[in-house]
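> Just need the structure, nothing else, for what follows:
(one chain, ligands or ions: 1)
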Amino acid sequence: MHIPGLHHITAISGGPQRNYDFYTDILGLRLVKKTVNFDDPQTWHLYYGDEAGSPGTLLTFFPFENASPGRAGTGMASRIGLAVPEDSFSWWVDRISDRVERFDPPAERFGSPVITFQDPDGLLLEIMPLPRVSQLPGWSHGDIPQEHSIRCFANTTLLLDDGAETARLLQVMGYEPLEKDGVFQRFAVKGAPAPGGSDGSDQGGHPVSAPYVDLHIQKTTVGRMGRGTIHHVAFRAENEEGQLKWREALAKAGLRPTQVVDRQYFNSIYFHEPGGVLFELATDPPGMLIDEDKKSLGTGIKLPPWFEENRQWIEERLPELKTKPNTY
Ligand code: ZN
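Numbers count the residues shown, from 1 in each chain. As a prediction, this is how the structure comes out:
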């Protein structure tokens, strides 16, 4: 049994408009679902991803107009890595330098280039090339051609005081430790590109999406959840049956997974990993196409059945969000 990769990553942002403008116009992601926070339906929950909203590409936000700024600290995911084709990396370095306010010059990590920058709320993002991801669909938006588009997550980075127990858990989840680079250690799903190992394809020969989790081991203070911080990291479960098996295995490993929660687009269980980061295990089915077809993905305000009768009340309270016409 092994986890096939990341499913989605959820972060907290400031106002929804600035978030939408940045992730669509600057990074070229597709808004694939406009729904509400199921635990607070007066708040948006925005999902960005590839053209079909595939697992492994879903970056989601809870935008709060008045959220106070957060700060990543120990026990939190601190960075989100986005994968682009190897030939597109320099195109992205130019674009980030031109269009993004806060960025570091390109650096090298694990022998591969990376550019680190911040979104408008201070969330740390990274773009890095990954072999074979050019075969994944991505999304063509505005002045970003499909060939250069972001294809999927490359990784997420967990900021930890001591990663030993987290490393053990990742191995229970089927991740393999790769090399260390200074304060970073990389863990990879089966088939992930690895030095001297796989070229980045799964057993069926398809490119592996969202393959890495990196640990950043550094003594830091406790962080503060808020605008610009990552709320949780979700991993893929291929189906409900697999999810239940994992639930059992995780409990056996000493973790305390929740009951299965219906998230409309997937079923989820949640647990804190030993370093403190909130993990989720989300099923691939039913997926983003359950209530919109591929063409109209992200265009309607989508509510789960249990909120439909309060639709008008909810829509009146949601902060204004102007989206551009669908270009599919
Ligand atoms: Zn989630």
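
> what mean pLDDT does stretch 309-317 have?
Across stretch 309-317, pLDDT averages out at 97.

> longest helix of the chain?
helix 240-252 (DSSP state H).

> So which other helices or strands are in contact with it?
If you count contacts as 3 or more CB pairs under 8 Å, 6 or more residues apart in numbering; DSSP states H and E, helix 240-252 packs onto strand 266-272, strand 278-286. Yep, even glycine has a C-beta here, placed from its N, CA and C like the rest.

> What residues sit buried inside that helix?
242, 243, 246, 247, 250 (16 or more other CB atoms under 10 Å).

> to the chain's geometric centre, what's the distance from that helix?
Relative to its chain's centre, helix 240-252 lies at 22 Å (CA atoms, centre = their mean, to the nearest Å).

> ok so, going back, quick one, which of the helices and strands packed on helix 240-252 is nearest to residue 318?
strand 266-272 (22.3 Å; CB to CB).

> and that closest one, which strands flank it?
strand 261-262 (antiparallel), strand 278-286 (antiparallel) (DSSP bridges).

> Give the next helix or strand downstream of the longest one.
If you walk from strand 278-286 toward the C-terminus, the next helix or strand you reach (DSSP states H and E) is strand 301-302.

> Just the mean pLDDT for that following strand, thanks.
For strand 301-302, the mean per-residue pLDDT is 97.

> what packs against it?
strand 30-37.

> The same query, at a cut-off of 10 Å, please.
strand 30-37, strand 40-49, helix 311-317 (3 or more CB pairs under 10 Å, 6 or more residues apart in numbering; DSSP states H and E).

> Comparing these, which comes out most buried?
Ranked by mean neighbour count, the helices and strands packed on strand 301-302 are led by strand 30-37 with a mean of 23 (mean count of other CB atoms under 10 Å).

> List the pairing partners of that one within its sheet, with orientation.
strand 40-49 (antiparallel), strand 301-302 (parallel).

> check whether the longest one contacts the ion.
No - with CB under 5 Å from the ion as the criterion, the ion is not reached by strand 40-49; the gap is at least 9.3 Å.

> For that strand, C-alpha coordinates in PDB please.
Presented in PDB, the C-alpha positions along strand 40-49 are these (Å, rounded to 0.1, in the frame of the first residue of the first chain):
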ATOM      1  CA  ASP A  40     -18.400  28.500   7.600                       C
ATOM      2  CA  PRO A  41     -20.700  28.900   4.500                       C
ATOM      3  CA  GLN A  42     -20.500  32.700   4.500                       C
ATOM      4  CA  THR A  43     -16.900  32.300   3.400                       C
ATOM      5  CA  TRP A  44     -15.600  31.300  -0.100                       C
ATOM      6  CA  HIS A  45     -13.700  28.200  -0.700                       C
ATOM      7  CA  LEU A  46     -11.800  28.600  -4.000                       C
ATOM      8  CA  TYR A  47     -10.200  25.700  -5.800                       C
ATOM      9  CA  TYR A  48      -7.500  26.200  -8.500                       C
ATOM     10  CA  GLY A  49      -6.100  23.400 -10.600                       C
END
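
> after it, next one along is what?
Sequence-wise, the next helix or strand downstream of strand 40-49 (DSSP H and E) is strand 58-63.

> From the chain's centroid, how far away is the helix or strand that comes right after that next one?
Remark: after strand 58-63, the chain's next helix or strand is strand 76-84, criterion DSSP H and E. Distance, stretch centre to chain centre, for strand 76-84: 7 Å (CA atoms, centre = their mean).

> Only C-alpha atoms, please: export strand 76-84 in PDB.
Only the C-alpha atoms of strand 76-84 are listed here, as PDB (Å, rounded to 0.1, in the frame of the first residue of the first chain):
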ATOM      1  CA  MET A  76       3.200  23.800   9.800                       C
ATOM      2  CA  ALA A  77       3.500  23.300   6.100                       C
ATOM      3  CA  SER A  78       5.500  26.400   4.900                       C
ATOM      4  CA  ARG A  79       5.900  26.200   1.200                       C
ATOM      5  CA  ILE A  80       4.100  25.000  -1.900                       C
ATOM      6  CA  GLY A  81       6.100  23.800  -4.900                       C
ATOM      7  CA  LEU A  82       4.600  24.000  -8.400                       C
ATOM      8  CA  ALA A  83       6.000  21.800 -11.200                       C
ATOM      9  CA  VAL A  84       6.600  23.000 -14.700                       C
END
